[in-house]
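Student: Everything below, folded, please.
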Amino acid sequence: KNWKIISEILMSDDGLRGFMRQVNKQGDLDKRDLANKKEDEKRASRAQNIRDQSIRSFLEKLEKTGEMLRISKEVDPATNLSAIEWKTYDQLGKSTIFDNIKGHPGWQACSQILADRKKWSLGLNLTEDEFLKAMLLKVNQPIEPIVQDSNSAPCKEVIKIGEKASLFDIPVVSISEDDGGPFIASGMAIMKDPDTGIRNMSIHRQQVFDAQTTGFLILPRQARRIFEKYSDKKEPMPVAVVIGAHPAVFFGSAFTTTYGVDELSIAGGVLGDPIRLVKCETIDIEVPADAEIILEGEIHPGELRHEGPFGEVPGTYAEADDCEVFHVKAITHRRSPIYYALHCGAPITCTQATTGMGIELATLDHLSKVEGGMDILDIRCHAAAGLMMVVVKLRPKISGQAKTALMATLSGPYLHPKLAIAVDED
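Tutor: Okay, the predicted model is just below:
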């Protein structure tokens, strides 16, 4: 009888059985911790060997290859900087970097740095011939970013918080003649879905209203979906605006992917390395560590302000209208920062080239599924046509396939193309 009682105690949850279950559970936790530790060590080791992720190495490459002109004469961001960089590309096909900006000592500005496929190829270490097919492979192999300690991050070399953070310190350019004011056109806005915490990155034009506020145009896309979630909760939406980063990051911000996919992982796939991120100073968002400038702020539900007009991507003016308002909480930047003065307006500019590349990739992917896959040699969405003309270079397998390719091109994922032209390999 006593042995029966002892046996029952040993086999109960409080006895030997419970003890062994706890040992096994602890063993599983130890194995998991060890696996996590090894993964962390692997990621840390990889982080130490990541290639340069700044815009600066790309600008150096442009200059060394003769694709960029350096301008040392004083220019004014309010009156002539935009005209000079636009004419430099229009007449010479070259990017520009400005070393002497009126009212902004210690600052530089660059423009037209991604206005054609040759420059994109230089930025992403690809040849022009392999560019499209290589990019299609890269975007389908995303690499998740890694968050690092912010102490040594280049984007944190100068930190300004509260009233010390002034947009007037940045050489924001008045771009087109009839614009409503100076616009930040190159800002890559990072926000998080409040329910999932997943990041989203996209480009939004921002008219500078005063030292601490800008407009923030939100189209009915993924960012609008996220903003509406914050609005439903009656909470401001934290936003970090990144200005001046590696071309892979800029591509990620302009690339349209499935909702819930972190565009920074797309950027990592394009680069071939995880994008290094650091925490913001005043909001719970991570940003590229090697960026030139970071604007930290928030957008309040229900607050609208009149904005525009603005010379837009098709080369026409978007009329003035109401849009959301971005409130600056902090500005961090590198020492001797370089402002990316993206030109948005009359073609040809980086905006048409970047959006056009997205159209080219989407069209190539689309045509790969038509008639079992066509023998597509190249696709060009011509920036000079305001993204409305696409040329498809193909090797038809059967008679009439060129016509099929053209019909498929005009019924692809993007609505921009209105004219399609087919050419053969010669």
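Student: And Asp424, how far from Arg395?
Tutor: Asp424 sits at a distance of 7 Å from Arg395 (criterion: C-beta to C-beta, to the nearest Å). Glycine gets a C-beta too; all of them are placed from N, C-alpha and C.
Student: Can you tell me, leaving aside adjacent residues, what's nearest to Ile175?
Tutor: Nearest in space to Ile175, with sequence neighbours left out and distances taken as C-beta to C-beta, 6 or more residues apart in numbering, is Ser82 at 4.8 Å.
Student: what's the neighbour count on the one you found?
Tutor: Residues lying near Ser82 (other C-beta atoms under 10 Å) number 25.
Student: That one contacts Asp179, doesn't it?
Tutor: No. Taking contacts as C-beta atoms under 8 Å, Ser82 lies outside contact range of Asp179: 9.2 Å.
Student: distance of the spatially most central residue of the chain from Asn140?
Tutor: Nearest residue to the geometric centre of the chain (C-alpha atoms, centre = their mean): Ser253, 2.2 Å. From Ser253 across to Asn140, the span is 18 Å (C-beta to C-beta).
Student: Then Glu298?
Tutor: As judged by C-beta to C-beta, Glu298 and Asn140 stand 34 Å apart.
Student: Looking at the two now, which is surrounded by more residues?
Tutor: Glu298 (19 against 10).
Student: Can you tell me the closest non-neighbouring residue to Val294?
Tutor: To be clear, residue 294 is Ile; Val isn't right here. Computed as C-beta to C-beta, 6+ apart, the closest residue to Ile294 that is not its neighbour in sequence is Thr332, at 4.7 Å.
Student: Hmm, the one you found is touching Thr282, no?
Tutor: No. Shown here, Thr332 and Thr282 do not form a contact pair, counting by C-beta under 8 Å, at 9.8 Å.
Student: ok, how many other residues are close to Glu157?
Tutor: If we define neighbours as other C-beta under 10 Å, then Glu157 has 13 of them.
Student: So what does it have for phi and psi?
Tutor: For Glu157, the backbone dihedrals are phi -60, psi -30 (criterion: degrees, to the nearest 10).
Student: ok, it - contacts?
Tutor: Taking C-beta atoms under 8 Å, 6 or more residues apart in numbering, we find Glu157 in contact with Thr332, His333, Arg334, Arg335.
Student: and if we set it to 10 Å?
Tutor: Thr332, His333, Arg334, Arg335, Ser336, Pro337 (C-beta atoms under 10 Å, 6 or more residues apart in numbering).
Student: can you check Ser57 too?
Tutor: Arg51, Gly123, His246, Asp290.
Student: which of these has the most neighbours?
Tutor: His246 (26 neighbours).
Student: now it: how far from Gly252?
Tutor: In this view, His246 and Gly252 are 10 Å apart by C-beta to C-beta.
Student: anything in contact with each of those two?
Tutor: Common neighbours of His246 and Gly252 (C-beta under 10 Å, 6+ apart) are Ala267, Val270, Leu271, Ile275, Pro288.
Student: Show me those that map onto helices.
Tutor: Within the shared contacts of His246 and Gly252, residues falling in helices by DSSP state H are Ala267, Val270, Leu271.
Student: out of the residues you listed, who has the most neighbours?
Tutor: Ala267 (31 neighbours).
Student: who's in contact with the nearest residue to that residue once chain neighbours are set aside?
Tutor: Excluding the flanking residues, the one nearest Ala267 by C-beta to C-beta, 6+ apart is Gly252, at 3.2 Å. Neighbouring residues of Gly252 by C-beta under 10 Å, 6+ apart: 139, 142, 145, 188, 201-202, 245-246, 262-271, 275, 288.
Student: Name the next helix or strand downstream of the helix or strand in which the residue nearest to Ile175 is found, please.
Tutor: Assessed by DSSP states H and E, Ser82 sits inside helix 81-92. Next helix or strand after helix 81-92 toward the C-terminus (DSSP H and E): strand 95-98.
Student: Give the pairing partners of that next one; include direction for each.
Tutor: Partner strands and pairing direction for strand 95-98 (DSSP bridges) are strand 68-71 (parallel), strand 108-111 (antiparallel).
Student: on that earlier part again, which residues do Asp424 and Arg395 both contact?
Tutor: Joint contacts of Asp424 and Arg395 (C-beta under 10 Å, 6+ apart) are Leu377, Ala402.
Student: tell me how far whichever strand in the chain runs longest is from the chain's mean position?
Tutor: Scanning the chain for the strand with the most residues, using DSSP state E, yields strand 293-307. Centroid separation for strand 293-307 versus its chain: 19 Å, with C-alpha atoms, centre = their mean, to the nearest Å.
Student: Over to stretch 260-277?
Tutor: The chain centre lies 9 Å from the centre of stretch 260-277; the measure is C-alpha atoms, centre = their mean.
Student: hmm, back to that, and the longest strand of the chain, what's its mean pLDDT?
Tutor: For strand 293-307, mean pLDDT rounds to 97.
Student: That strand pairs with which strands?
Tutor: For strand 293-307, pairing defined by DSSP bridges yields strand 237-243 (antiparallel), strand 321-333 (antiparallel).
Student: Please render the ones you listed as TSV that adds distance to Thr355 and mean pLDDT to the earlier fields.
Tutor: Below are these laid out as TSV (distance: least, C-beta to C-beta, whole Å; pLDDT from 0 to 100):
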stretch	distance to Thr355	mean pLDDT
strand 237-243	18	98
strand 321-333	20	97
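Student: Return the most buried member of the ones you listed.
Tutor: Ranked by mean neighbour count, those are led by strand 237-243 with a mean of 26 (mean count of other C-beta atoms under 10 Å).
Student: so who does the residue nearest to Gly268 when sequence neighbours are not counted touch?
Tutor: Among residues not flanking Gly268 along the chain, Ile143 sits closest, at 3.4 Å (C-beta to C-beta, 6+ apart). Taking C-beta under 10 Å, 6+ apart, we find Ile143 in contact with 46, 264-275.
Student: Which residues are in contact with Ser202?
Tutor: 187-191, 218-219, 221-224, 226, 252-256, 263.
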